[in-house]
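A.B. asks: my questions are about this predicted structure, shown below with the sequence.
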Amino acid sequence: MFWSTFNKLQLSPDLLRPYTGCLYGFADNPVEVRGYLELRTTFTDGAASRTENIRYLVVNANSAYNILLGRPALNRLRAVSSTRHMKMKLPDLSGKVIVIKSDQEEARRLLSQGEQEEVAAVISRHLDAFVWTAADMPGIDPDFLCHHLTMDAKVRPVRQRRRKFNSERCLIVKEETQKLLSAGHIREIQYPEWLANVVLVKKANGKWRMCVDLTNLNKACPKDSYPLPNIDALVDSASGCKMLSF
């Protein structure tokens, strides 16, 4: 729990018990710990609720968040969180699912105005390190980077039926395909064993994103027993860095 949240709750500092451990931030800087306390905390979405005793470590640090729940509390609550959907689900004592939603507008204001200007200045100084379009990274050498698919040899290749698009979408597909061809990311083949259709998805800004329907190909690939690192591994990898950009 952050000190600003502690004050907003109008709690007495006398409730804090001394904490003798040390706490360090992501940038390896010491964080001032004011103490810890236990509070009866209610999790509710308006339809269902659950109240538990949660131990909070109160720290004096600037943050856009109010509290951060640790793994012990999440495990005891049997809670599942999703940073993508900005939601957390947990069961109440009767088995009903409680859905906790975060404030998306508040979450977007993680950086102060000064920090936003600092990040923008760093990006401006290193524009050549960023890729804005497919044309910015033409002809990637396969000796430098090559992706290999592990497929089940027993699965027969699938050629999807051709999907028809209207004139507007056909023009978009042609333009996006030409960009990839010009950058050397794709090449034309005459006798494909696997044939997948493209799919157009409309983005929030009204433009179109061209994707490929790899449903059949995904089914032919064995499930990865070692998926991408979870959030804990990502946070541990960011230790010692001042900022992390997703």
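C.D. replies: Looks like it arrived, so ask away.
A.B. asks: can you tell me how far the residue nearest to the spatial centre of the chain is from residue 21?
C.D. replies: Nearest to the geometric centre of the chain sits residue 84, at 5.1 Å (CA atoms, centre = their mean). Here residue 84 is placed at a distance of 32 Å from residue 21 (CB to CB, to the nearest Å). C-betas here are computed from N, CA, C, even on glycine.
A.B. asks: for residue 241, same thing?
C.D. replies: On the measure of CB to CB, residue 241 and residue 21 end up 23 Å apart.
A.B. asks: comparing the two, which residue is more hemmed in?
C.D. replies: Per other CB atoms under 10 Å, whichever of residue 241 and residue 21 has more neighbours is residue 241, with 11 against 7.
A.B. asks: tell me which element the more buried one falls in.
C.D. replies: Under the criterion DSSP states H and E, no helix or strand holds residue 241.
A.B. asks: if I look at it, what pLDDT would I see?
C.D. replies: On pLDDT, residue 241 comes in at 71.
A.B. asks: now residue 186
C.D. replies: 84.
A.B. asks: so residue 170, which state does it fall into?
C.D. replies: helix (DSSP: H, G, I helix; E, B strand; the rest coil).
A.B. asks: what does residue 90 give?
C.D. replies: Once three-state DSSP is applied, residue 90 turns out strand.
A.B. asks: for the residue lying closest to it once chain neighbours are set aside, give its distance to residue 105.
C.D. replies: For residue 90, ignoring the flanking residues on the chain, the nearest one in space by CB to CB, 6 or more residues apart in numbering is residue 79 at 3.9 Å. According to CB to CB, residue 79 stands 23 Å off from residue 105.
A.B. asks: neighbour count winner among the two?
C.D. replies: Neighbour count, other CB under 10 Å: between residue 79 and residue 105, residue 79 has more, with 17 against 7.
A.B. asks: got the contact list for the more buried one?
C.D. replies: Applying CB atoms under 8 Å, 6 or more residues apart in numbering to residue 79 gives the contacts 69, 88-90.
A.B. asks: likewise for residue 96?
C.D. replies: Contacts of residue 96 by CB under 8 Å, 6+ apart are 47-48.
A.B. asks: hmm, try it at 6 Å
C.D. replies: residue 48 (CB atoms under 6 Å, 6 or more residues apart in numbering).
A.B. asks: what's the burial count for residue 224?
C.D. replies: Counted with other CB under 10 Å, residue 224 comes out at 8.
A.B. asks: got it, and residue 243?
C.D. replies: Neighbour tally, residue 243, other CB under 10 Å: 12.
A.B. asks: state the distance from the residue nearest to residue 90 to residue 225.
C.D. replies: Taking CB to CB, one finds residue 79 at 25 Å from residue 225.
A.B. asks: ranges for the strands of this structure?
C.D. replies: Secondary structure of the chain by DSSP state E: the strands cover 32-44, 49-60, 80-82, 87-91, 97-101, 198-202, 208-212.
A.B. asks: output the lowest mean pLDDT helix or strand found in the chain.
C.D. replies: In the chain, the helix or strand scored least confidently by mean pLDDT, DSSP states H and E is helix 104-107, which has a mean of 66.
A.B. asks: quick one: low-confidence parts of the protein?
C.D. replies: By pLDDT under 70, the weakly predicted segments of the chain are 26-28, 104, 106-112, 139-140, 142, 227-232, 239-240, 244-246.
A.B. asks: any buried residues in stretch 70-90, and which?
C.D. replies: For stretch 70-90, a neighbour-count test (16 or more other CB atoms under 10 Å) marks 73, 77, 79, 81, 88-90 as buried.
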